[in-house]
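> Predicted structure and sequence below. I'll ask about it afterward.
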2 protein chains.
Amino acid sequence: MLEISHRGQEMPSSPIRKLVPYAEAAKKKGIHVYHLNIGQPDIETPAIMLNAVRNANIKTLEYSHSAGNESYRKKLVKYYQSVDINVHYDEILVTTGGSEAILFSFFICMNPGDEVIIPEPYYANYNSFAVAAGINVVPVTSHIETGFALPPIADFERLITRKTKAIIICNPNNPTGYLYSREEMEALKTICLKHNLYLLSDEAYREFCYDGEYISAMHLEGMENNVVLIDTISKRYSATGARIGALVTKNKSVYDTAMKFAQARLSPPGLAQIMGEAAVDLPQSYFDATREEYLSRRNLLVSRLNKMPGVYCPNPGGAFYAMAKLPIDDTDKFCQWILESFSYNNKTIMLAPGTGFYTSIGLGKQEVRFAYVLNKEDINEAMDCLEQALLQYPGRTMEVASAPVREFERLRG
Amino acid sequence: MLEISHRGQEMPSSPIRKLVPYAEAAKKKGIHVYHLNIGQPDIETPAIMLNAVRNANIKTLEYSHSAGNESYRKKLVKYYQSVDINVHYDEILVTTGGSEAILFSFFICMNPGDEVIIPEPYYANYNSFAVAAGINVVPVTSHIETGFALPPIADFERLITRKTKAIIICNPNNPTGYLYSREEMEALKTICLKHNLYLLSDEAYREFCYDGEYISAMHLEGMENNVVLIDTISKRYSATGARIGALVTKNKSVYDTAMKFAQARLSPPGLAQIMGEAAVDLPQSYFDATREEYLSRRNLLVSRLNKMPGVYCPNPGGAFYAMAKLPIDDTDKFCQWILESFSYNNKTIMLAPGTGFYTSIGLGKQEVRFAYVLNKEDINEAMDCLEQALLQYPGRTMEVASAPVREFERLRG
């Protein structure tokens, strides 16, 4: 018998995927589905990027340098300077999306059987890359009651073993939108230096910070050898389909090892590198406008959610996600039900069930993630749908989660 | 101490890479370097492909389907029909280059510690993907004396253990250019069916067959569950920088598992998929002309080589590589020496040392790989250089390898 490898069997399916047939069925019935389930921005990719490809004088589309075109990496140095990150171009390795930077960093920093600590809820694909690399994810739980702030240092230290090699954070966070404070980043630095851990910092949403200060892991002094920055142009420029990211590190051993992985796959996508290079010339006004747009959407979304009885949504400081607690029995059932059995004015919504972002069993059952990648009119309509759905949903829980209940749940969790 | 993982340490550097500084130094001295060392075709990428991107009406470059755009996969069905491979579009998964298809197939078909048998000499990056996936490469040696024909079945069977899960072939072959015959493909089928092995078939050079019949692994009846086809547009259309490949299989478990790996990295490059889709409309005359060009280069290269005293180059049936035996002491030394200490009319050549394509220690020491990706005039000039280099090289071996010597070496190897 031909067999599928263990890791192939263990590789998780996308947690959203099981809802896709229900969304398709709803659409077939003529119901409009507002997609708040996926981080695919609706904002247009800047014309300067697409035009750069259109106007490129290419005769033969050759392999690029395995680390990415030197001209692009030199432009990226300028981009990073603009966000107070000082790196040399040979500390930047251009990757096929942020995804490849995650996979490379897992491959490089950990042996099979080693452990990476991740504050949960977290980006579900970290699990997939962990399975591919044969490493174990150890979640440290953050709580909606504290707005998904970084768990206390003691919670991390309790989980550190001989096998712990790294902590990965996403800042601003997907799925919570939480923006880590300077104190929290300093706490992470303390843990990493004390226990000799890599800090893998996924900063895909750097440009979208609304409240408080953006602190990159690359800003932490004395952490030069510990930090591996995972980056991407996907969200920054609404260019998710380009598949261009970067692994940035001042740790020369990590960089040199990443180069060996990069050489194996020859080069990152060629046309998309041209897009990335052109993007560096975008004026600050581009980011200001995009940020303004997302900020006003966040304000609308969060205020609509918190006005609904029994709903609690902390105000996220960044990214374009919000994680809310709903008065429901089971987020997976609810997210299926709104697609399968509900519509309001012939419309409904697709959401990402909270459970998909937790490893700890039973957590996130009342939570959903919203990606505010729709315009405000659509967000309003989507919130009208949700409001009605919560009134009609048979699995609605009656109690409004009170502070003591939440505290009990926190301790139990 | 922060440590680099074992696999990171074991990951091989590109075997060509160590020669790059010598090539750069030669260029700085004003010496022209003919690059016969890398499979980067000089032939232009068809305009129809680049224009498709230029004319694409993209507002937001979104994630594509994780398996690649449906429209592209449907076009690929047509392409595969043109080479007598009958597949459904949901048996095709578009990958980021052939590289990703190799990595996925290793992840899926083997557990860490499992073994894949590969006829050596072979594409060196298989080693890198094996290290990434934690699997072991077991080489089965093919010999220049037989033109690098498939080793006898008995040689494979001697190597098969409980851990053997797959055989990988490259057909037509990189680095040897060998085109496997129908009998050889049937022999592989027999071994795979008898021992329940996957046959991973890398057919990157399918379009470049000069003598004999092209038999795809997908043509083998009764092997539907065993075969995983690894494909790419890189060589077919001179578009190596696009980074678009495919994993094609009729084994539904393998396909579904590949989809989970594909979902983790979200989608293959978006712009390059547009190129791939446009390429399917290229007329047969495109392939005829390209094939003609490579064929005439092969004929020139092989005939020039075999006229040099002490040089033996079997006539390769496909791809755009040839592997020759030179009267030299050590291919690594020689390939460095021609860059560092030699020039002829202010010109020299860069070659790929044969040792980089073998796992068995000591093999390939007199062999080099030539990629005939230069026009005929340049190939002639490069051969003039080589001829002179072999006369001047201090490590030249005097004897011309005779048949008995070769036979002795074969038995010893």
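Arrived safely, thanks for sending. Numbering: from 1, shown residues only, chains lettered A, B, ... in the order given.
> Convert the C-alpha atoms of the helix or strand where residue A:285 lies to PDB, please.
Following DSSP states H and E, one finds residue A:285 within helix A:284-307. Extracted C-alpha coordinates of helix A:284-307, given in PDB (Å, rounded to 0.1, in the frame of the first residue of the first chain):
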ATOM      1  CA  GLN A 284       3.800  58.500   2.500                       C
ATOM      2  CA  SER A 285       0.400  59.800   1.500                       C
ATOM      3  CA  TYR A 286      -0.400  56.400   0.100                       C
ATOM      4  CA  PHE A 287       0.100  54.800   3.600                       C
ATOM      5  CA  ASP A 288      -1.700  57.700   5.300                       C
ATOM      6  CA  ALA A 289      -4.800  57.300   3.100                       C
ATOM      7  CA  THR A 290      -4.900  53.500   3.400                       C
ATOM      8  CA  ARG A 291      -4.400  53.700   7.200                       C
ATOM      9  CA  GLU A 292      -7.200  56.300   7.400                       C
ATOM     10  CA  GLU A 293      -9.500  54.100   5.500                       C
ATOM     11  CA  TYR A 294      -8.900  51.000   7.700                       C
ATOM     12  CA  LEU A 295      -9.100  53.100  10.800                       C
ATOM     13  CA  SER A 296     -12.500  54.400  10.000                       C
ATOM     14  CA  ARG A 297     -13.600  50.900   9.100                       C
ATOM     15  CA  ARG A 298     -12.300  49.600  12.400                       C
ATOM     16  CA  ASN A 299     -14.100  52.400  14.300                       C
ATOM     17  CA  LEU A 300     -17.300  51.500  12.600                       C
ATOM     18  CA  LEU A 301     -17.000  47.800  13.000                       C
ATOM     19  CA  VAL A 302     -16.000  47.900  16.700                       C
ATOM     20  CA  SER A 303     -18.700  50.400  17.600                       C
ATOM     21  CA  ARG A 304     -21.400  48.400  15.700                       C
ATOM     22  CA  LEU A 305     -20.300  45.200  17.400                       C
ATOM     23  CA  ASN A 306     -20.200  46.600  20.900                       C
ATOM     24  CA  LYS A 307     -23.700  48.000  20.500                       C
END
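> Mind pulling the model confidence for the residue in the stretch 301-413 of chain A that chain B sits nearest to?
Proximity to chain B, evaluated over the stretch 301-413 of chain A using C-beta to the nearest C-beta, is greatest for residue A:373 at 10.1 Å. (Glycine included, C-beta is placed from N, CA and C.) Per-residue pLDDT puts residue A:373 at 96.
> quick one: it and residue A:34 touch, right?
No. When contacts are counted by C-beta atoms under 8 Å, residue A:373 is not listed as touching residue A:34 (10.2 Å).
> And these two? Which one has more around it.
Between residue A:373 and residue A:34, counting by other C-beta atoms under 10 Å in any protein chain shown, residue A:373 is the more crowded of the two (22 against 19).
> For the stretch 101-250 of chain A, which segments count as strands?
A:115-120, A:136-141, A:164-170, A:198-202, A:227-232, A:245-249 (DSSP state E, counting those that start in this stretch).
> Give the pairing partners of the longest one; include direction for each.
Okay, so that is strand A:164-170. Using DSSP bridges, strand A:164-170 pairs in its sheet with strand A:115-120 (parallel), strand A:198-202 (parallel).
> about what we covered before: buried ones in the helix holding residue A:285?
Buried residues in helix A:284-307, counted by 16 or more other C-beta atoms under 10 Å in any protein chain shown: A:286-287, A:290, A:293-295, A:297-298, A:300-302, A:304-305.
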